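>>> Compute the structure for the input listed below.
(one chain, ligands or ions: 1)
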Amino acid sequence: MTDSFSNDLACAKKLDQSDPLKKFRDEFHFPKTKAGADQLYFAGHSLGLMPKRAKDYVNNELSAWAKYGVEGHFLGSHPWLHYHENITSSFAKLVGAKNTEVVAMNTLTVNLHCMMVSFYRPTKSRYKILIENNSFPSDKYAVDSQARFHDLDPKTTIIELAAGADGMTVSEGSILETIKKHGPELSLIMLGNCNYLSGQKFDIDKIVKAGHAVGAVVGFNLAHGAGNLHLKLHDSGADFAVWCSYKYLNSGPGGLAGAFVHERHHGKKDIPRFEGWWGHNKETRFKMGPQFEPLATTEAWQLSNPPIFQLASLRASMEIFDEAGIAELRKKGDQLTNYFSWLIQKNITNEIEIITPQSEGARGSMLCMKFTANNKNNPKAWFEKMIQAGAIMDFREPNIIRATPAPLYNSYEDVFRLVSLMKEYMNA
Ligand SMILES: *Cc1c(COP(=O)(O)O)cnc(C)c1O
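Here you go, the predicted structure:
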């Protein structure tokens with residue numbers, strides 16, 4: 001595919017013209033540069049852009065509150081009592097699950113804990129948790145604290161994958177070997193997909209199979225998977241998954257998270273779970289009885305009545321995902337990221353190397369780059385100059401940059417202009 005690229009703006013414009021998803025760019029607000037142009041926004045892995053329709057959707061609920069007060073739970077165009085159900089089928093399509101297997105609730109780390117309460121059940125001989133190397137700090141704090149909660153020492157309980165020579169990515173062979181090696185002691189495998197730092201995608205199917213073969217529970221943190229990858233959670237047989245919606249899913253800061261619990265865990269009487277009234281049978285919830293009667297779906301894990309304004313902006317964003325389709329988005333995402341990677345390697349050969357695996361199937365849209373030993377720039381100062389020029393990526397100390405061309409709103413021209421600017425400021 002890369003032979004169809006050339007190193008000029010005309011090529012970018014041509015690719016944009018034939019992009020079947022190009023109309024979606026117009027659905028989003030782009031922050032502006034000092035000169036009033038759209039920023040080159042490549043931080044969708046951190047906070048996605050605001051869908052223009054989000055304002056109307058949130059305003060609609062503010063108006064319902066003004067007009068109906070408490071009756072807004074039952075009146076208006078989208079009664080609050082069932083509001084989270086507006087998200088269900090979109091989430092199901094997004095992650096490849098049945099409607100009954102997903103729910104929008106809480107925030108990501110909260111959901112991770114809720115899932116571990118149910119699915120991390122250490123015994124004397126089987127108690128270890130396998131996580132990523134370079135795991136996101138919150139995930140590490142979550143598993144460490146779960147270990148301590150069960151009176152276990154995190155040092156002997158938490159195992160990390162081993163990075164290869166680049167210090168970042170992990171070979172598939174080594175993942176499967178690690179699972180085998182710790183097999184009888186492994187209680188839970190909890191990996192990301194993609195890794196938040198390296199952008200490496202893990203093979204969910206193979207990991208679930210390997211994990212189940214040794215008797216472990218397998219769950220995923222899809223903070224960098226949902227809205228980025230074309231997932232098939234149900235078919236993979238994964239036990240649970242969680243994801244946030246403010247990154248790739250553009251639901252706004254602090255947006256509600258998602259949870260998936262495979263249907264084979266539904267309706268179990270003996271499953272330990274932190275319980276709250278929103279997980280209770282909907283028919284009898286308002287009888288306000290003292291005995292918890294769980295819903296027969298993943299909704300049983302809900303605790304509280306949810307924040308409606310956050311759900312409203314999530315609904316706006318999920319509608320756009322439904323219109324575009326995750327399969328089409330991934331298709332464009334692959335080409336856009338191929339183009340990005342091709343341009344970087346053509347234009348910035350000395351100072352930066354790409355850490356994210358180069359093959360399409362091994363990554364999503366995000367590219368992780370590292371300044372090389374040959375680099376003469378101060379990475380942080382270079383990055384600051386890029387921001388001043390209106391190019392938004394993110395920087396991790398001491399020398400890592402991450403940038404994501406988002407197939408919903410980034411154009412090939414954005415990518416071309418970003419790489420041109422990256423090159424211009426190198427050694428400038
Ligand atoms: C973004 C991210 C988080 C953040 O957790 P919140 O609970 O949403 O603040 C956690 N884990 C991973 C892997 C992430 O990428």
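>>> now F240: how far from S6?
Counting by C-beta to C-beta, to the nearest Å, the gap from F240 to S6 is 45 Å. Quick note: C-beta positions are derived from backbone N, CA and C, even for glycine.
>>> Look at the two and report which has more neighbours.
When F240 and S6 are compared for neighbours, F240 comes out ahead with 27 against 12, by other C-beta atoms under 10 Å.
>>> is it true that that one touches L222?
No. In this structure F240 lies outside contact range of L222 using C-beta atoms under 8 Å: 10.4 Å.
>>> Do you have the helices of the stretch 301-428 of the chain handy? List them.
Along the stretch 301-428 of the chain, counting by DSSP state H, counting those that start in this stretch, helices occupy 308-324, 326-347, 379-388, 412-425.
>>> Out of those helices, the one nearest the ligand is which?
With C-beta to the nearest ligand atom, the closest approach to the ligand among the helices of the stretch 301-428 of the chain belongs to helix 308-324: 12.2 Å.
>>> Contacts for the closest one, please.
21, 24, 27, 48, 50-51, 53-54, 56-58, 60-62, 78, 80, 83-84, 86-87, 90-91, 93-94, 104, 227, 245, 249-252, 254-256, 329, 408 (C-beta atoms under 8 Å, 6 or more residues apart in numbering).
>>> got the angle for it vs helix 326-347?
Relative orientation of helix 308-324 and helix 326-347, computed by axes from the mean of the first three to the mean of the last three C-alpha atoms, to 10 degrees: 80 degrees.
>>> Mind listing what's buried along helix 308-324?
The neighbour-count check on helix 308-324 (16 or more other C-beta atoms under 10 Å) flags 308, 310-321, 324 as buried.
>>> Can you list the residue ranges for helices in this structure?
Taking DSSP state H as the criterion, the chain carries its helices at 9-17, 53-68, 85-95, 108-119, 137-149, 154-157, 172-182, 204-213, 233-236, 308-324, 326-347, 379-388, 412-425.
>>> CSV for these, including mean pLDDT and distance to the ligand?
CSV is the format used below for these (pLDDT from 0 to 100; distance: least, C-beta to the nearest ligand atom, whole Å):
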stretch, mean pLDDT, distance to the ligand
helix 9-17, 97, 29
helix 53-68, 98, 18
helix 85-95, 98, 15
helix 108-119, 98, 3
helix 137-149, 97, 4
helix 154-157, 98, 17
helix 172-182, 96, 17
helix 204-213, 98, 15
helix 233-236, 98, 16
helix 308-324, 98, 12
helix 326-347, 97, 17
helix 379-388, 95, 20
helix 412-425, 97, 22
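>>> Name the single longest strand found in the protein.
strand 186-192 (DSSP state E).
>>> Is that strand in proximity to the ligand?
Yes. Strand 186-192 is in contact with the ligand by C-beta under 6 Å from any ligand atom, via G192.
>>> nearest residue to E160 other than its sequence neighbours?
N133 (4.9 Å; C-beta to C-beta, 6 or more residues apart in numbering).
>>> my guess is K247 meets G225, correct?
No. Counting by C-beta under 8 Å, K247 does not reach G225; the two are 10.2 Å apart.
>>> Now for K232: which residues touch it?
G96, I204, D205.
>>> By neighbours, which of these wins?
I204 (24 neighbours).
>>> Give the burial count for the closest residue to that residue other than its chain neighbours, as a bare number.
Counting by C-beta to C-beta, 6+ apart, S236 is the residue found nearest to I204 once chain neighbours are left out, at 4.8 Å. Residues contacting S236 under the criterion other C-beta under 10 Å number 22.
>>> gap between S236 and D203?
9 Å.
>>> residue contacts, V419?
Taking C-beta under 8 Å, 6+ apart as the test, what V419 contacts is F340, L343, I344, N347, I348.
>>> next one: S420
N347.
>>> quick one on the thing from earlier: for the residue nearest to E160, what are its contacts?
E160, L161, A162, A163, M168, V170.
>>> Quick check: nearest residue in space to the fourth one, chain neighbours excluded?
In this structure, A163 finds its nearest non-sequential neighbour in N133, 4.6 Å apart by C-beta to C-beta, 6+ apart.
>>> Then the last one?
Closest residue to V170 apart from its sequence neighbours, by C-beta to C-beta, 6+ apart: L161 at 4.8 Å.
>>> Burial check on the nearest residue to L176 once chain neighbours are set aside, number of neighbours?
Closest residue to L176 apart from its sequence neighbours, by C-beta to C-beta, 6+ apart: A210 at 5.1 Å. Close neighbours of A210, defined as other C-beta under 10 Å, add up to 21.
>>> I figured A210 hits E177, correct?
No. Distance between A210 and E177: 9.4 Å, which falls outside the contact criterion (C-beta under 8 Å).
>>> If you count neighbours, what's buried in stretch 355-372?
355-357, 362-371.
>>> tally of neighbours for L47?
Applying other C-beta under 10 Å, we find 17 residues neighbouring L47.
>>> what's the neighbour count on S138?
12.
>>> cool, and Y83?
22.
>>> Now the two most distant members of the contacts of N133.
The distance between the two most remote of these (C-beta to C-beta) is 12.8 Å, for E160 and M168.
>>> Which one of the two is surrounded by more residues?
For E160 versus M168, neighbours defined as other C-beta under 10 Å are more numerous around M168 (20 against 15).
>>> Report the separation between that one and I348.
Counting by C-beta to C-beta, the gap from M168 to I348 is 19 Å.
>>> on that earlier part again, ranking the contacts of V419 by neighbours, who comes first?
F340 (25 neighbours).
>>> Give me the distance between T372 and M426.
Distance from T372 to M426, by C-beta to C-beta: 11 Å.
>>> Find residues that contact each of the two.
E351, I352.
>>> How about the contacts made by K376?
E351, N427.
>>> K128: neighbouring residues, count only.
Around K128 there are 20 residues (other C-beta under 10 Å).
>>> ugh, wrong one, I meant K32
By other C-beta under 10 Å, the residues close to K32 number 11.
>>> ok, it touching Q39?
Yes. Using C-beta under 8 Å, K32 is in contact with Q39, at 6.6 Å.
>>> Between these two, which contacts overlap?
G390.
>>> And the strands in the stretch 151-300 of the chain, which stretches?
All strands of the stretch 151-300 of the chain, identified by DSSP state E, counting those that start in this stretch, fall at 158-160, 186-192, 217-221, 240-243, 257-261.
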